[in-house]
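1. Turn this into a structure:
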Amino acid sequence: MPDAPAPLDLATLRGEIDRIDAEMHALLIQRGAIIEELIAVKKTSESGSAFRPGRESAVMKAIAERHRGILPLDTVESIWRVIIGTFTFVQAPYAVHADVSGGDAPMRDSARFHFGFTVPYVPHEGAPEVIAAVEASRGDLGIFRIDQGASAGAWWRRLAAPDAPKIIARLPFIERPGHPAGTPVFVISKPLADAAVREVVLYAVRVERWRDAAAEGIATLGGEIVCTTGLDGELSTLVAVPGRVEASDLVAALEASRAPVSEIVEVGSHAARLHVGDAAARTAAASRAAIS
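-> Okay, the predicted model is just below:
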């Protein structure tokens with residue numbers, strides 16, 4: 001039997017790490033050069049935000065699905081988020097406005113994890129202030145918690161006007177237990193007609209009276225009630241439904257539940273969430289297919 005190859009010594013292993021580090025740095029420099037060309041082609045520095053939620057969601061999902069080895073997914077995701085967020089900032093500088101009325105720490109963690117440390121972080125005391133700041137900017141983003149209580153008011157109604165900011169993403173793109181920036185947040189920006197992802201569509205709905213059956217009716221469409229609050233004797237609610245569901249379908253489901261709709265307005269859309277269990281299942285399935 002031939003002798004087993006001798007294990008590499010410590011110096012050789014460290015040399016390999018240094019080589020890989022240098023190659024990664026060189027690749028980042030190459031990426032920067034391509035971004036310079038991209039700026040010239042897209043002219044994003046003149047036209048506002050370069051944030052493209054659909055592409056970013058697809059990239060992050062692909063990373064989660066192909067990842068393996070001892071390096072935690074948290075680390076891999078955070079590295080790519082910093083790379084993507086920073087290069088987006090290089091294309092067209094922007095700030096992230098955050099509603100910290102429910103606490104600054106989780107919002108700051110979310111902003112830094114998903115957009116990096118180069119992008120300016122601007123705290124505000126409430127969702128209305130965040131929406132106003134984004135509306136007054138050229139290409140800034142806004143973030144606020146999805147699980148705000150009724151005391152926050154019907155903030156989603158401020159997104160109803162055609163030119164008002166819209167919900168364009170839900171973070172984190174990849175959900176899993178113990179996520180280091182797992183606070184669920186919406187991202188808003190000025191309308192991105194050419195970049196909106198409509199896997200999930202959000203509607204601001206006002207109903208004349210509420211029935212418990214209304215939630216069941218929404219669920220039959222594959223949707224959910226995100227937020228709700230009383231407003232002028234009516235109930236105002238933010239509803240998320242799959243992109244295949246039309247507004248008329250939602251109205252019909254509520255009417256059938258005896259919750260008459262007085263107003264319905266689309267206020268944004270975003271990519272569907274990926275749970276890390278979903279990614280693991282697909283990776284395992286792909287491995288089984290390759291073996292067979």
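
2. Going by C-alpha atoms from here, please, whenever you check contacts or count neighbours.
-> Will do.

3. what about the closest residue to Arg244 other than its chain neighbours, how many residues close to it?
-> Excluding the flanking residues, the one nearest Arg244 by C-alpha to C-alpha, 6 or more residues apart in numbering is Glu199, at 7.8 Å. Glu199 is flanked by 15 other residues according to other C-alpha atoms under 10 Å.

4. Same check on Asp140?
-> Using other C-alpha under 10 Å, the number of residues around Asp140 comes to 23.

5. Looks like it contacts Phe89 (just checking).
-> No. The pair Asp140 / Phe89 is not scored as a contact, 10.1 Å apart, by C-alpha atoms under 8 Å.

6. average model confidence for stretch 269-286?
-> For stretch 269-286, the mean per-residue pLDDT is 66.

7. actually stretch 202-217, not the one I wrote
-> Averaging pLDDT along stretch 202-217 yields 87.

8. distance between it and the chain's centre?
-> Its chain's C-alpha centre and that of stretch 202-217 lie 25 Å apart, by C-alpha atoms, centre = their mean, to the nearest Å.

9. and that stretch, which residues are buried?
-> Leu202, Tyr203, Ala204, Val205, Arg206, Val207, Trp210, Ala214, Ala215, Glu216, Gly217 (16 or more other C-alpha atoms under 10 Å).

10. same thing with stretch 69-80?
-> Leu73, Asp74, Glu77, Ser78, Trp80.

11. same question, stretch 100-116
-> Within stretch 100-116, the residues scored as buried using 16+ other C-alpha under 10 Å are 100-102, 106-116.

12. and Leu235, that one's in a strand?
-> Yes. Assigned with DSSP: H, G, I helix; E, B strand; the rest coil, Leu235 falls within a strand.

13. Let me know the distance separating it from Glu216.
-> 16 Å (C-alpha to C-alpha, to the nearest Å).

14. Am I right that Gly230 falls within a strand?
-> Yes. Membership of Gly230 in a strand is supported by three-state DSSP.

15. beta partners of it?
-> Here Gly230 sits in beta bridges with Leu235, going by DSSP bridges.

16. In terms of secondary structure, what does the top helix by length along the chain contact?
-> Ranked by residue count, the top helix of the chain under DSSP state H comes out as helix 10-42. Counting contacts by 3 or more C-alpha pairs under 8 Å, 6 or more residues apart in numbering; DSSP states H and E, helix 10-42 is packed against helix 73-91.

17. Keeping just the C-alphas, turn the helix it packs on into PDB.
-> The C-alpha atoms that make up helix 73-91 are tabulated as PDB, following Å, rounded to 0.1, in the frame of the first residue of the first chain:
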ATOM      1  CA  LEU A  73     -24.300  31.100   7.300                       C
ATOM      2  CA  ASP A  74     -24.700  34.200   9.500                       C
ATOM      3  CA  THR A  75     -21.100  35.100   8.600                       C
ATOM      4  CA  VAL A  76     -21.500  34.400   4.900                       C
ATOM      5  CA  GLU A  77     -24.700  36.400   4.700                       C
ATOM      6  CA  SER A  78     -23.300  39.400   6.500                       C
ATOM      7  CA  ILE A  79     -20.200  39.500   4.300                       C
ATOM      8  CA  TRP A  80     -22.300  39.500   1.100                       C
ATOM      9  CA  ARG A  81     -24.700  42.100   2.600                       C
ATOM     10  CA  VAL A  82     -21.800  44.400   3.300                       C
ATOM     11  CA  ILE A  83     -20.400  43.900  -0.200                       C
ATOM     12  CA  ILE A  84     -23.800  44.400  -1.900                       C
ATOM     13  CA  GLY A  85     -24.900  47.300   0.200                       C
ATOM     14  CA  THR A  86     -21.600  49.200  -0.100                       C
ATOM     15  CA  PHE A  87     -21.300  48.800  -3.800                       C
ATOM     16  CA  THR A  88     -24.900  49.900  -4.100                       C
ATOM     17  CA  PHE A  89     -23.900  53.000  -2.100                       C
ATOM     18  CA  VAL A  90     -20.900  53.500  -4.400                       C
ATOM     19  CA  GLN A  91     -23.200  53.500  -7.400                       C
END
